[in-house]
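Asker: Can you look at this prediction? I've put the sequence above it.
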Amino acid sequence: MDAPEMLQLTRHGEDGTIVELALDRPAAMNAINTDFAAEITAVTADLAADPSVRAVVVTSTHDKAFCVGADLKERNSFTDAQMMDHRLVSKEAYRGVLNLPMPAIAAVDGYALGGGMEIALSCDLIVVGDGATVGLPEVGVGVIPGGGGTQLVTRRIGWSRAASMIFTARRLTAAEAGELGVVDEVVPAGTARERAVEIAAQIAANSPVAVRNAKKAMRLGMGTDLAAGLEIEDGCWRATAFSGDRREGVAAFAEKRTPNWPGR
C-alpha cells in the first residue's frame with residue numbers, strides 16, 4: 001500500500017508481516033487535524049483488510065513527541081457545525097486503531113497527550129521510553145477525552161485511578177504511568193520503538209489465525225459477564241481449531257520444526 005503524506009509505513013521481518021505505522025506530522029508534533037485523522041482511518045482500514053499483517057507497531061518520526069493530541073489551532077477556527085463534522089472524522093480514526101484485528105503496540109517516546117495518548121490506549125500494548133510524558137488533559141481545555149480515553153484508561157487501571165488522572169488533567173512521567181498500569185512497559189529513552197518491534201516479532205512468530213481470534217475473544221468478552229464471555233471464547237476457539245493454522249501447528253510440533261503458518 002502507498003503511504004500517505006502524514007504517515008510512514010515500513011515492513012519489518014524477513015516476510016514483512018510486521019508493519020510500523022509512524023505518525024509523521026513533525027512540524028505540529030503530530031497534532032491530529034482533520035486531514036491527519038482521515039489518513040489514519042484510511043490506512044488502518046487497509047491494514048485491517050491485509051491478511052499478511054500479523055502485528056502493527058505505532059510510532060512517531062518526531063524524537064520529542066509521539067502525538068500531542070488534537071490540533072487546537074485548527075479547532076479554534078471551527079464553527080459548531082464544523083466541530084461536529086470533525087468529530088465524525090476523528091472518531092473513526094481512533095476506532096480504526098482500536099479495531100485492528102491483529103495486535104497493535106504503541107511505542108511512545110516524548111509526549112503522548114490527549115488524543116495522542118488515546119491512540120496509544122487504542123493499541124493492545126503500550127511501551128514507553130523513560131523520558132516520556134503521558135496524560136489525558138482534555139478537561140483543562142473544556143472538553144473530555146473523546147477518542148476512547150474515558151473508557152480505555154478506566155478498563156486498564158480502574159475507576160478511581162482513572163478518575164484521578166482525568167479529573168485533574170495531570171501529566172504523568174513514564175515511571176508514574178508504569179506504576180499505575182497506564183502503560184505496559186517502561187524502557188530506556190529512545191528505545192521504545194526497538195522494544196515494540198521486538199514484541200511484535202514474538203507475536204508474529206505465532207499462528208496469525210490464533211492470535212487474531214484470541215484478540216477477538218478478549219475484546220468481545222471484556223464487556224460481557226463471564227458466561228457470555230465463555231461462549232464468545234468457544235466460538236473463537238472453534239474458528240481456530242478447524243483452521244489450516246491448527247493443522248500446521250500440530251504437524252510442526254510432531255515433526256519438531258518451525259511452523260509455516262498458512263494464515264487461514
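Answerer: Ah, there it is. Residues are numbered from 1 along each chain as shown.
Asker: quick one: the strands in the stretch 151-264 of the chain?
Answerer: 171-173, 185-187 (DSSP state E, counting those that start in this stretch).
Asker: and those as JSON lines, adding mean pLDDT and mean neighbour count?
Answerer: Quick note: C-beta positions are derived from backbone N, CA and C, even for glycine. Formatted as JSON lines, the strands of the stretch 151-264 of the chain follow (pLDDT from 0 to 100; neighbours: other Cβ atoms under 10 Å):
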{"stretch": "strand 171-173", "mean pLDDT": "98", "mean neighbour count": "18"}
{"stretch": "strand 185-187", "mean pLDDT": "98", "mean neighbour count": "19"}
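Asker: Can I get those strands in TSV including distance to Ala22?
Answerer: As requested, the strands of the stretch 151-264 of the chain are exported to TSV (distance: least, Cβ to Cβ, whole Å):
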stretch	distance to Ala22
strand 171-173	23
strand 185-187	18
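Asker: Report the contact partners of the nearest residue to Gly115 once chain neighbours are set aside.
Answerer: Leaving out its chain neighbours, the residue that sits closest to Gly115 by Cβ to Cβ, 6 or more residues apart in numbering is Gly69, at 4.1 Å. Contacts for Gly69 (Cβ atoms under 8 Å, 6 or more residues apart in numbering) come out as 31-32, 113-117, 138.
Asker: Could you list which of these belong to strands?
Answerer: Using DSSP state E, the subset of these located in strands is Leu113.
Asker: just the contacts of Gly69 now: which is nearest Gly249?
Answerer: Nearest to Gly249 among the contacts of Gly69, counting by Cβ to Cβ, is Met117 at 36.7 Å.
Asker: neighbours of that closest one, just the number please.
Answerer: The burial count assigned to Met117 is 36, neighbours taken as other Cβ atoms under 10 Å.
Asker: And it, how close does it get to Thr224?
Answerer: Separation of Met117 from Thr224 (Cβ to Cβ, to the nearest Å): 27 Å.
Asker: Gly110 too?
Answerer: Gly110 sits 37 Å away from Thr224, going by Cβ to Cβ.
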